[in-house]
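J.: Structure for the following, please:
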Amino acid sequence: MIRFEHVSKHFETKSTKVQAITDVNLEIQKGEIFGIIGFSGAGKSTLVRCINLLERPEEGAVFFKDVNLMKISKEELRRQRQKMGMIFQQFNLFQQRNVIDNICYPLEIAGVSKQDRIKRARELLALVDLTEKEKSYPAQLSGGQKQRVAIARALATNPEVLLCDEATSALDPITTRSILELLKKINTGYGVTIVVITHELKVAEQICDRVAVMSQGKIAELGTVKEIFSNPKSETARKLIYFEEGGSTR
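T.: As a prediction, this is how the structure comes out:
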């Protein structure tokens, strides 16, 4: 579904150059839930934003279903991006729009008629168990409800891939569990490939089929959740597990 070939990306400020990801090779299979884990600053968010070219790599190739996104027109890239939904840690809802209008927004951009986009939005509200909230505004919702709206909005255009950038980091453990259960439901029921960025091993353990461990912009380790959690080979994976289990640096 997604393939990186020797992908590198850096950022420049007036005084320095930061290498965000370096020579990344990666394949994500259709229908799997794939985790990208690592400490802050490891390059996780940059990597996921290279999938839909929100961040454009300087080197390498990014393939989506065998289409090299680096070599297509802006118009074709826009069409390809419609097949990829994205949700964020801070929800990114429009505060001045109610719930149903937030969900309808991508369909407005895509030129879908008002009748059809409202119908689709209501279907998605039922999927995320928020039917009764369609006229509510984001300020009236809990964090978990906001994220459910964000998930519904990301699914509006029937994407084949859902990119989740620390989607549960701002939520309490019980709400996190319910959001992860919803993502699993979307994966199994609709066949949506899901890419999850997280620094929380419990999130990866609960939902992911395979994970890539990132360190300093590179993939330090790649394997199934069971393989990496039971027998971590990289120093980063060992540290992540150590801290998750309540380890101390003293």
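J.: what element comes up after the longest helix belonging to the chain heading to the C-terminus?
T.: Longest helix in the chain by number of residues (criterion: DSSP state H): helix 173-190. Heading C-terminal from helix 173-190, the first helix or strand you meet, by DSSP states H and E, is strand 193-198.
J.: For that following strand, which strands pair with it and how are they oriented?
T.: When pairs are called by DSSP bridges, strand 193-198 turns out to pair with strand 33-37 (parallel), strand 161-165 (parallel).
J.: how about the strands in the chain?
T.: In the chain, the strands defined using DSSP state E lie at 2-12, 17-28, 33-37, 59-64, 67-68, 84-88, 161-165, 193-198, 210-215, 218-224.
J.: elements contacting the longest helix of the chain?
T.: Packed against helix 173-190 by the contact rule (3 or more CB pairs under 8 Å, 6 or more residues apart in numbering; DSSP states H and E) you find strand 33-37, helix 143-154, strand 161-165, strand 193-198, helix 201-207. C-beta here means a position set from N, CA and C on the backbone, and glycine is covered the same way.
J.: Low-confidence ranges, the protein, go.
T.: Scanning the chain for pLDDT under 70 picks out 244-250.
J.: Just want to check the distance between the residue nearest in space to the middle of it and S8.
T.: In the chain, the residue lying closest to the centroid (CA atoms, centre = their mean) is C164, at 1.8 Å. Distance, C164 to S8, using CB to CB, to the nearest Å: 23 Å.
J.: excluding its backbone neighbours, what's nearest E12?
T.: Of all residues not flanking E12 in the chain, V18 sits nearest, at 7.5 Å (CB to CB, 6 or more residues apart in numbering).
J.: try T22
T.: In this structure, T22 finds its nearest non-sequential neighbour in G217, 4.6 Å apart by CB to CB, 6+ apart.
J.: For beta bridges, what are the partners of the nearest residue to F88 once chain neighbours are set aside?
T.: Leaving out its chain neighbours, the residue that sits closest to F88 by CB to CB, 6+ apart is D165, at 5.2 Å. Assessed by DSSP bridges, D165 has beta-bridge partners F88, I197.
J.: Looks like D165 contacts G85 (just checking).
T.: No - using CB atoms under 8 Å, D165 makes no contact with G85, being 11.6 Å away.
J.: ok, the two, which is more surrounded?
T.: Legend: neighbour count by other CB atoms under 10 Å for D165 and G85, higher for G85 (26 against 19).
J.: what sits against the closest residue to that one other than its chain neighbours?
T.: Excluding its sequence neighbours, the residue lying closest to G85 (CB to CB, 6+ apart) is A154, at 3.2 Å. A154 is in contact with G85, M86, I87, L162, counting by CB atoms under 8 Å, 6 or more residues apart in numbering.
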